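Sequence and predicted model, in that order:
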Amino acid sequence: MKPLVLYQLASLVLLGAGLAGLVKRRTLVGMLIAVELMLNGAGLSIVAATQLTGADPALGQLATLLVMGLAAAEATVALAAIVVVFRRFGHTRTDALTTLREQQ
Amino acid sequence: METPAILAFGFYFLVIVVGCFMAVGSASLVRALVGLVATLLGVAGMYLLLNAPFMAFMQILIYVGAICVLIFFALMLARADADGDEADPAPAPRVFKGVLAAMLPGALLAPILLLHPTASHLLPPDVPLADLGRRLMEDYVLPFELISVVLLISMAGAVLLVWERRDK
């Protein structure tokens, strides 16, 4: 089997696990963990695709660095959203978060 | 790939798979976070195998060092212990949907990967760190600046979201 296919399969495992976690988890923090798994799979796939083919390898590494930066930004905003949700509802279970407006 | 590389790849792959199962299936969110850390370290090992040590260290620095600590702070707000929010096993339809969601990209992408493998090098090339830095400052200076703006805005937004007024 070609090396690139092996790495792509590894990132496919990460994508599948992330999607499964996103559907299965019932708290916002669990979903955040699943999203991080998926972003990691994307990064691994990009680096493998540029390191093992004729593409520009520096471009792939910089693109993955960009993905990491976006993941950090996303985690920051998600954490703030979780804090706000916890203040308003007292928990972070997704099945009970069914209202957008302030409760009277 | 030579035998040591295959062995190392197998080890990292095992770490990733076990970490994924822990991160997705564990009843306690703290264990899920430990699974996430294991997965991140496995991916860092794969970056090392791909001859991208800078990416491996950035992975450990940014993901394990920053993002996992952030998630841990968020964890303190959830009831994360073994009989917390995620404790009772998820209802069967939900697990079924989760497995379906995992299978869908696998069923779509894995056949394409296996039937039409892209021609690939056996040895990844060396990318000097100076080259990366130069490209970041010359060719890709716009994305570099934009990501800093995105980070600044997200941090300012996070502070604004959780701000509590004194006079309230």
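Looks like it came in fine. Predicted model only: the values in this text are computed from it and were never measured.

drop to CA atoms for contacts and neighbour counts, all remaining ones
Will do.

Could you report the distance from A:Val47 to B:Ala90?
Here the criterion is Cα to Cα, to the nearest Å. By it, A:Val47 lies 35 Å from B:Ala90.

Comparing these two, which residue is more hemmed in?
Using other Cα atoms under 10 Å in any protein chain shown as the criterion, A:Val47 and B:Ala90 rank with A:Val47 on top: 26 against 15.

quick one: that one and A:Gln61 touch, right?
Yes - counting by Cα atoms under 8 Å, A:Val47 touches A:Gln61, with 5.7 Å between them.

Going by contacts, tell me the helices and strands next to the helix or strand hosting B:Arg134.
Element membership for B:Arg134 (DSSP states H and E) is helix B:129-137. Helix B:129-137 is packed against helix A:57-89, helix B:141-161, with contacts defined by 3 or more Cα pairs under 8 Å, 6 or more residues apart in numbering or on different chains; DSSP states H and E.

quick one: contacts for the most centrally placed residue in chain B?
Centroid check for chain B by Cα atoms, centre = their mean gives B:Leu40 as the closest residue, at 5.5 Å. For B:Leu40, the contact set (Cα atoms under 8 Å, 6 or more residues apart in numbering or on different chains) comprises A:Asn40, B:Ile16, B:Gln59, B:Ile60, B:Tyr63, B:Val64.

now the residues you listed as TSV including distance to A:Leu28 and pLDDT?
Shown next, in TSV, are those (distance: Cα to Cα, whole Å; pLDDT from 0 to 100):
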residue	distance to A:Leu28	pLDDT
A:Asn40	19	93
B:Ile16	22	95
B:Gln59	23	92
B:Ile60	24	93
B:Tyr63	18	91
B:Val64	19	90
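
Per-residue pLDDT of B:Val17, please?
The score at B:Val17 is 94. That number is its pLDDT.

what mean pLDDT does the helix holding B:Arg134 have?
Averaged across helix B:129-137, pLDDT comes to 91.

where are the low-confidence patches of chain A?
Applying pLDDT under 70 to chain A picks out residues A:100-104.

what sits against B:Val149?
Residues near B:Val149 by Cα under 8 Å, 6+ apart: none.
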